[in-house]
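> Okay, sequence plus prediction incoming.
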Amino acid sequence: MFFIKNITLAVIIVFILTGCAVVDGGTPQYTETNTQFIQLETEAVPESVTYTELALLYGIADVGLAALEPSGMLFGADISDDGVYNGDIDAYEKMAGTSHSIYQTEMRLGGEYPRKFILSCLAAEKTPCIIIRPPTSGDKYDCELLEQTAATFAEIQTPMFIAFYPYSAAEWSNAAEYIEFFEQAKETFAGYAPFAAIIWQVDAADVYYSPAFYPECAGWVGLTIKASLVETNGVCGYGDVLERIDSFYRRYQHEKPIMLSLSVSHYTSVSNKYETAAAAEFLADFYAKITNIYPRVKSVIYVNINELTTVSQRPRENFLVYDEPLRTAYADALSGADWRQGGGAEFYLSACTAYIGTDGEAYIPAISLAEELGVTAADVDSDAIIYINGNACYSARDAMRLFGVRTETNPDKKRISIYVTNQPNRR
């Protein structure tokens, strides 16, 4: 859109053709003049462009996959102790209207081998995920008990996930002992269950304390999110859950594939209110955000819990996907979720922000091209740089021309993705 178009100006220009002479004490005397009318056609002047911030994802090619890591995303569920589905995979999938790849249960170190659960998963062509927690009594670091437990997993040789000793600040205090025992568990299970991927899992409430307990030997990292209802000024919400997910993601996205375990409350005994609409909205927003801008999240498992039937003390909450509109929101979220993009690359969330202008052009921060993608310009063109909010940026067209970087813009999903097509420009 333009606000000045093709304006013709009549300009009178006086040309001095023969110069001037100085007479009578220095007074300039013009000897001849000429006037000429000329026509000027102005260039169209664009309106000011405004910019909207979008998440920036950058793709790196040739990144190897971890054990059981998919190129897309795997959805799963835990229905082992929910009081409604009670492990019935067929019933749960009919409710959801979509298939799940993973089903989850848990056991204690030294507890009974979950043979029935594993066989039911295999019969339904699902991948088992088993959380192993410390024994209810005795030494949490019992090496003999670890060996005995791992040996039982040799019975059925199949790919599976094992989330060993999930971290919570309330249960673990000595980081060195914890990491040492985790490393021993990883090695021990590798001998009996070589097809298992070992997950280090963290409670979302303890995200900020977790880095000291991170065992680098883990194949995956996981985050357990129990989104409880919080009432503020009469309005129910879920606190800072999404901020904690973002913090965890940014810390570990370059380390390992990420698995999230999610439960969303739609009833709390504190207020004795059902908040299914708020839960449905949060669920939809959660899956949209995870699949749109967190591409290193390779699995989300929904954990169905109903504390109204399993917990005696208050407060109690219901995290079960059963009532409407929660059921529809859950089914819609899973059926429409897909983060995969072009270029055959593994994508990461940038520390920078990209922009889309009202001119329809995408703009990429120069620092992301240099530091995250590691590309250098084929030709120096300082005129191509535009400053947005103080950040030096290139338009998508100039990023392709100078760096061989392809851009995919998706305002609906609030993201811009970039990846290298011209490898010689990459450091």
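Arrived safely.

> wait, doesn't Ser228 sit right on His266?
No. Using C-beta atoms under 8 Å, Ser228 is not in contact with His266, being 10.6 Å away. Quick note: C-beta positions are derived from backbone N, CA and C, even for glycine.

> Neighbour count: the two, which is higher?
His266 (26 against 16; other C-beta atoms under 10 Å).

> hang on, isn't the more buried one packed against Ala279?
Yes. Using C-beta under 8 Å, His266 is in contact with Ala279, at 3.7 Å.

> Find residues that contact each of these two.
Here His266 and Ala279 share the contacting residues Leu326, scored by C-beta atoms under 8 Å, 6 or more residues apart in numbering.

> Near the closest residue to Glu171 other than its chain neighbours, how many other residues are there?
Excluding the flanking residues, the one nearest Glu171 by C-beta to C-beta, 6 or more residues apart in numbering is Pro134, at 7.4 Å. By other C-beta under 10 Å, 19 other residues sit near Pro134.

> ok, now which ones touch Pro134?
Arg108, Leu109, Lys140, Tyr165, Glu171.

> what's the answer for Ser368, then?
Leu56, Tyr58, Ser350, Ala351, Cys352, Ala354, Ile418.

> cool, Tyr274 as well?
Contact analysis of Tyr274 by C-beta under 8 Å, 6+ apart lists His266, Tyr267, Asp323.

> now with 10 Å?
Contact partners of Tyr274, counting by C-beta atoms under 10 Å, 6 or more residues apart in numbering, are His266, Tyr267, Thr268, Asn318, Asp323.

> where does it fall, phi/psi-wise?
Per-residue torsions, Tyr274: phi -90, psi 130 (degrees, to the nearest 10).

> bridging residues for it?
Tyr267 (DSSP bridges).

> Look up how far Glu93 lies from it.
With distances taken as C-beta to C-beta, to the nearest Å, Tyr274 is found 25 Å from Glu93.

> Give the ChimeraX command for selecting the buried subset of the contacts of Tyr274.
Selection of buried members from the contacts of Tyr274 for ChimeraX, criterion 16 or more other C-beta atoms under 10 Å:
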select :266,267,268,318
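
> now, which of the contacts of Tyr274 sits nearest Lys414?
Nearest to Lys414 among the contacts of Tyr274, counting by C-beta to C-beta, is His266 at 25.9 Å.

> which residues touch that closest one?
Counted by C-beta under 10 Å, 6+ apart, His266 has contacts 227, 229, 236, 273-280, 282-283, 317-323, 325-326.

> Just the ones of those residues in helices?
Thr276, Ala277, Ala278, Ala279, Ala280, Phe282, Leu283, Leu326 (DSSP state H).

> Adding distance to Ala77 as columns, could you present the contacts of Ser368 in TSV?
Output for the contacts of Ser368, formatted as TSV (distance: C-beta to C-beta, whole Å):
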residue	distance to Ala77
Leu56	32
Tyr58	32
Ser350	31
Ala351	33
Cys352	35
Ala354	34
Ile418	34
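
> Of these, just the buried ones, ChimeraX syntax please.
Filtering the contacts of Ser368 down to the buried ones (16+ other C-beta under 10 Å) takes a single ChimeraX command:
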select :56,58,350,352,354,418
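
> Out of the contacts of His266, which end up buried?
Counted by 16+ other C-beta under 10 Å, these give 227, 229, 236, 275-276, 278-280, 282-283, 317-322, 325-326 as buried.

> since we're on Glu112, how many residues are nearby?
By other C-beta under 10 Å, 9 other residues sit near Glu112.

> Among the contacts of Ser368, which pair sits farthest apart?
Farthest pair in the contacts of Ser368, by C-beta to C-beta: Ala351 and Ile418, 13.6 Å.

> Need the residues touching each of these two.
Contacts common to Ala351 and Ile418, judged by C-beta under 10 Å, 6+ apart, are Leu56, Tyr58, Ser368, Glu372.

> shared neighbours of Ser228 and His266, which are they?
With C-beta under 10 Å, 6+ apart, Ser228 and His266 have common neighbours Glu317, Phe319.

> mind listing the helices for the stretch 1-150 of the chain?
Counting by DSSP state H, counting those that start in this stretch, the stretch 1-150 of the chain has helices at residues 89-96, 115-123, 143-152.

> just the stretch 201-350 of the chain next, same as before
Under DSSP H, counting those that start in this stretch, the stretch 201-350 of the chain gives helices at 241-252, 276-293, 307-310, 326-335.

> Lowest average pLDDT across those?
Per-stretch mean pLDDT for those is lowest at helix 307-310 (a mean of 77).

> ok, now which ones touch Pro365?
56, 350-355, 371-372, 388-389, 391-394.

> At the geometric centre of this protein, which residue sits there?
Centroid check for the chain by C-alpha atoms, centre = their mean gives Tyr294 as the closest residue, at 1.3 Å.

> correct me, but Glu112 touches Thr152?
Yes. Using C-beta atoms under 10 Å as the test, Glu112 is close enough to Thr152 to be in contact (8.5 Å).

> Given the top strand by length along the chain, what are its sheet partners and their directions?
Ranked by residue count under DSSP state E, the longest strand found in the chain is strand 346-357. If you go by DSSP bridges, strand 346-357 pairs up with strand 51-60 (antiparallel), strand 362-365 (antiparallel).

> May I have it exported as PDB, CA atoms only?
Presented in PDB, the C-alpha positions along strand 346-357 are these (Å, rounded to 0.1, in the frame of the first residue of the first chain):
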ATOM      1  CA  GLU A 346      16.600 -31.800  13.300                       C
ATOM      2  CA  PHE A 347      15.100 -28.600  14.500                       C
ATOM      3  CA  TYR A 348      16.000 -26.600  17.700                       C
ATOM      4  CA  LEU A 349      14.400 -23.600  19.400                       C
ATOM      5  CA  SER A 350      16.500 -20.500  18.800                       C
ATOM      6  CA  ALA A 351      17.600 -18.200  21.600                       C
ATOM      7  CA  CYS A 352      16.600 -15.400  19.200                       C
ATOM      8  CA  THR A 353      13.300 -14.100  18.000                       C
ATOM      9  CA  ALA A 354      12.300 -13.900  14.300                       C
ATOM     10  CA  TYR A 355       9.900 -11.400  12.900                       C
ATOM     11  CA  ILE A 356       7.200 -11.200  10.200                       C
ATOM     12  CA  GLY A 357       6.500  -7.800   8.800                       C
END
